[in-house]
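K.L.:
Sequence and predicted structure, then a few things I'm wondering about:
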Amino acid sequence: MIKLLKRKIFKSDFSKGVLTLVSGTALAQLIPFLIMPLLSRLYTPDDFGVFGLFMAISSLIAVIATGRYELAIVLPKRNKDAVNLLFVSILISVFISIITLIFFLLFSEQVSILLAEKKIKKWLLIVPILVLLIGLFQSLNYWANRQKSFGSISKAKISHSTSLSLVNLLFGFAKRTQSGLIFGQIFGRLMSVLTLLYTNIKSLNYYKKHISLKRSLYLAKRYKEFPLINSLQAFSDKSKESGIIFIITYFFSSSILGYYNFGLRAIQSPLLIIKASIAQVFYQKFSELKGFNQSLYPFFKKLFIKLLIMAIILLFSLFFLVRLFLKYFLEENGLKQLDM
């Protein structure tokens, strides 16, 4: 019965892709989540605060590091064009990283004063490295998405979280605070990029001969809406997240930011498991249907119904679990029962 139900639910490529990414993402999120209590003993709130500020700066730049051309990789009908867009995306990442390095070489002092956090100054020169690695990861991630290599994406996420957690623990036990959190992120990203390269080496080797500067420039112009329009939207959206961190740093302290950052990581981890996985497979499937001039509505309608059913089941399950927990908590503390 269970096997029949699984075949019924996960018979489509979309469902299989989502299941693969969800399982990989779940494991990738679970590893750092499980060691968080230990990290809270090894690192101080101030360490998490400086790390949170470092990540806010890096992610704000990284969101536009590729010119958003990585999103266009899944759109062309031919892989020959897609590999040229991959080349454009990587080239822009290298360029943005170099510009970022030059900027921080000249103005790291001013940036640390502006953010009212002097401890961030020595880490600003590391930001371009992380920006480049995120750009490379995003580019290769969407290439793998186009190839429906969801297993390689899951492996990359797991290698990222495993490597990150290992460095966090090793540096933490060695009492190398701050650097453990930051270098953990760098090493984790590096391992995820290498994993994507290794697992997609055949397709990359096969299509690299089709890369040409002329074709790349043509495609960059054809998909110019991504850097001109989508990058502005992405940057403004990311500015809201990073802006909160900048404000907390400026008006309070890195310790307060550390508490905020640590709590945010704990809350966001479970939410990212399903959200990121469905979004990625959804985008690939929509691009595929559009490329073959097929109607998007039937697929969207079916997916909406499935997600609605999942949301209702999860909502009611959580409601009753929380209700039972509150009932037990109130009884143990001799408080009155709440009406729910």
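P.N.:
In hand now; what should we look at? Residues are numbered from 1 along each chain as shown.
K.L.:
Am I right that residue 215 is in contact with residue 82?
P.N.:
No - with contact defined as C-beta atoms under 8 Å, residue 215 does not reach residue 82; the gap is 11.2 Å. (Glycine included, C-beta is placed from N, CA and C.)
K.L.:
So which of these two has more stuff around it?
P.N.:
A direct count of neighbours by other C-beta atoms under 10 Å for residue 215 and residue 82 places residue 82 higher, at 23 against 17.
K.L.:
average pLDDT for whatever helix or strand that one lives in?
P.N.:
Taking DSSP states H and E as the criterion, residue 82 maps to helix 79-114. Here helix 79-114 scores 95 as its mean pLDDT.
K.L.:
Quick check: buried residues in that helix?
P.N.:
Within helix 79-114, the residues scored as buried using 16 or more other C-beta atoms under 10 Å are 79, 81-93, 96-97, 100-101, 104, 108, 111-112.
K.L.:
now do stretch 168-176
P.N.:
So stretch 168-176, judged by 16+ other C-beta under 10 Å, has buried residues 168-169, 171-172.
K.L.:
And the furthest pair within those?
P.N.:
Taking C-beta to C-beta as the measure, these span a maximum distance of 7.5 Å, between 169 and 171.
K.L.:
lowest-pLDDT helix or strand in the protein?
P.N.:
Across the helices and strands of the chain, mean pLDDT, DSSP states H and E gives its lowest value to helix 2-9, namely a mean of 44.
K.L.:
Not counting its neighbours along the chain, what's nearest residue 101?
P.N.:
residue 128 (4.1 Å; C-beta to C-beta, 6 or more residues apart in numbering).
K.L.:
my guess is the one you found meets residue 97, correct?
P.N.:
Yes - Residue 128 lies in contact with residue 97 (C-beta under 8 Å); the separation is 4.4 Å.
K.L.:
Quick check, pLDDT for residue 184.
P.N.:
The per-residue pLDDT of residue 184 was computed as 92.
K.L.:
can you count the residues close to residue 183?
P.N.:
17.
K.L.:
can you count the residues close to the residue lying closest to it once chain neighbours are set aside?
P.N.:
Excluding the flanking residues, the one nearest residue 183 by C-beta to C-beta, 6+ apart is residue 167, at 5.8 Å. Close neighbours of residue 167, defined as other C-beta under 10 Å, add up to 22.
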